[in-house]
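K.L.:
Mind looking at a prediction? Sequence and model below.
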Amino acid sequence: HFNPFLGPREQVPTTTVNKLLAYVVMQWHIGVSVFFVLSGFLIAARYAERIQPTVKWAKQYMFNRFARIYPVYFLITTITVVAMLLGNTHHYYEWSAQQSRIDKLMTLLISYSLTKGFFHTFNVIFVPTAWSLTVEECFYICAPIILLIVKNKIPWLFPLSAFIVSAGVVITLLSTKMHLYAGFMRPLYFMLYFTFFGRCAEFMIGMGLALWLIKNRFRPARKGTTALGTALILLCMAVMVLLSWNYQSTPEWPMPFLVVLVNNLYCHLELLYFAMALPANIPLQEDFLALAHSTCLGKALMCFTWFT
């Protein structure tokens, strides 16, 4: 995301105030975690009691998910490609002057197939933030399987998360050894931060909350839960600022490993507390969200979140 406090070539300011502000804004990537947790919550809340292990149901489910994402993504990507061809400025999200025709063709294929989030070389090409859609689509594919395995056994989500992350590590090691094309699933930082294998815990937290609420018939949270969740999220951001302070980034680890660990594991407990307060205001939320203007605004905000 854009950081107004960084200098040319994203250099950290030397003055203490601007430096602190730059590090604080760096942690706004926590918004992606919020998005993933809410995705897990919404999918589980909607389908946990409706899922059917049939081909017909699976086709309808995937069509619904595909229809909500791909048309807008296709349009935005096409506009970006056309603007890139007309401008030819070689920004970081455009084709470089060194790329061959085969590489350019592959970037188009990978981007339009929504798989660019697996490739380190191409994950920010054309629409930089759209790597998260690869993560989202992976979750959509896995969610019914996870729900069928877990059912109402919420603790099973933890070993499932560990299994998915472990599978990602194995794939990264194999990719590193075999030098697979365009940095497929490597390096380790990329796998942990930019793929579903590394970010699965965020979705699992949201799914666990939804299953718990369904089991307890959406029992309202205690007073102060929202405030506690908000305070813990701010604390999490403060911890990441401290861990990032004066860190010298490398190609293998652009941010400290501990920051990735805190972001992928610890922050979600705070997000869980925050999200637990959602059912407390369900009647008010339903009345507001049922308005036509609210529906239109929600769809616009989703597009803005994905593509800006």
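P.N.:
Here it is on my side, so go on.
K.L.:
Give the ranges of residues in this structure that sit below the confidence cut-off.
P.N.:
1-2, 7-10, 88-90, 218-222, 267-308 (pLDDT under 70).
K.L.:
just checking, Phe203 touches Leu38?
P.N.:
No. The pair Phe203 / Leu38 is not scored as a contact, 9.6 Å apart, by C-beta atoms under 8 Å. Backbone N, C-alpha and C define where each C-beta goes, glycine included.
K.L.:
neighbour-wise, which of these two wins?
P.N.:
Ranked by neighbour count (other C-beta atoms under 10 Å), Phe203 and Leu38 place Phe203 first, with 30 against 17.
K.L.:
Counting neighbours, which bits of the helix or strand where Leu86 lies end up buried?
P.N.:
Assessed by DSSP states H and E, Leu86 sits inside helix 55-87. Neighbour counts over helix 55-87 (16 or more other C-beta atoms under 10 Å) mark 61, 65, 69, 73, 76-77, 80-81, 84 as buried.
K.L.:
Show me what counts as buried in the helix or strand that that helix is followed by.
P.N.:
Downstream of helix 55-87, the first helix or strand assigned by DSSP H and E is helix 101-112. Across helix 101-112, burial judged by 16+ other C-beta under 10 Å covers 103, 106-107, 110-112.
K.L.:
List just the nearest of the residues you listed to Pro256.
P.N.:
Lowest distance from Pro256 to the buried residues of helix 101-112 (C-beta to C-beta) belongs to Ile110, with 29.1 Å.
K.L.:
my guess is that closest one meets Thr121, correct?
P.N.:
No. Counting by C-beta under 8 Å, Ile110 does not reach Thr121; the two are 9.5 Å apart.
K.L.:
what residues do those two have in common as contacts?
P.N.:
Residues touching both Ile110 and Thr121 by C-beta atoms under 8 Å, 6 or more residues apart in numbering: Ala182.
K.L.:
now the buried residues of helix 101-112 in CSV, with distance to Lys19?
P.N.:
Listed next are these as CSV, based on distance: C-beta to C-beta, whole Å:
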residue, distance to Lys19
Asp103, 38
Met106, 40
Thr107, 36
Ile110, 37
Ser111, 36
Tyr112, 40
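K.L.:
Looking at these, spot the one nearest Glu136.
P.N.:
Nearest member of the buried residues of helix 101-112 to Glu136, counting by C-beta to C-beta, is Ser111, at 15.1 Å.
K.L.:
So that closest one versus Ile69, what's the distance?
P.N.:
Distance, Ser111 to Ile69, using C-beta to C-beta, to the nearest Å: 14 Å.
K.L.:
what does Ala83 give?
P.N.:
For Ala83, the distance to Ile69 - C-beta to C-beta - is 21 Å.
K.L.:
Which residue ranges of the stretch 101-250 of the chain form helices?
P.N.:
In the stretch 101-250 of the chain, helices defined by DSSP state H, counting those that start in this stretch lie at 101-112, 131-150, 157-178, 188-194, 196-215, 225-244, listed in chain order.
K.L.:
Which neighbouring elements make contact with the first one?
P.N.:
Read it as helix 101-112. helix 55-87 (3 or more C-beta pairs under 8 Å, 6 or more residues apart in numbering; DSSP states H and E).
K.L.:
Packing partners of the helix it packs on?
P.N.:
helix 101-112, helix 131-150, helix 292-307.
K.L.:
Buried residues of the strand or helix carrying Ser33, list them for me.
P.N.:
Ser33 is located in helix 30-47, with elements delineated by DSSP H and E. Neighbour counts over helix 30-47 (16+ other C-beta under 10 Å) mark 30, 32-41, 43-45, 47 as buried.
K.L.:
likewise stretch 245-265?
P.N.:
255-256, 259-260, 262-264.
K.L.:
Nearest to Ile154 among these?
P.N.:
Once C-beta to C-beta is applied, the member of the buried residues of stretch 245-265 that ends up nearest Ile154 is Asn264, at 19.5 Å.
K.L.:
and the helix holding Leu86, how far out from the chain's middle?
P.N.:
17 Å (C-alpha atoms, centre = their mean, to the nearest Å).
K.L.:
Between which two of the buried residues of helix 30-47 is the distance greatest?
P.N.:
Most distant of these, by C-beta to C-beta, are Ile30 and Tyr47, 26.3 Å apart.
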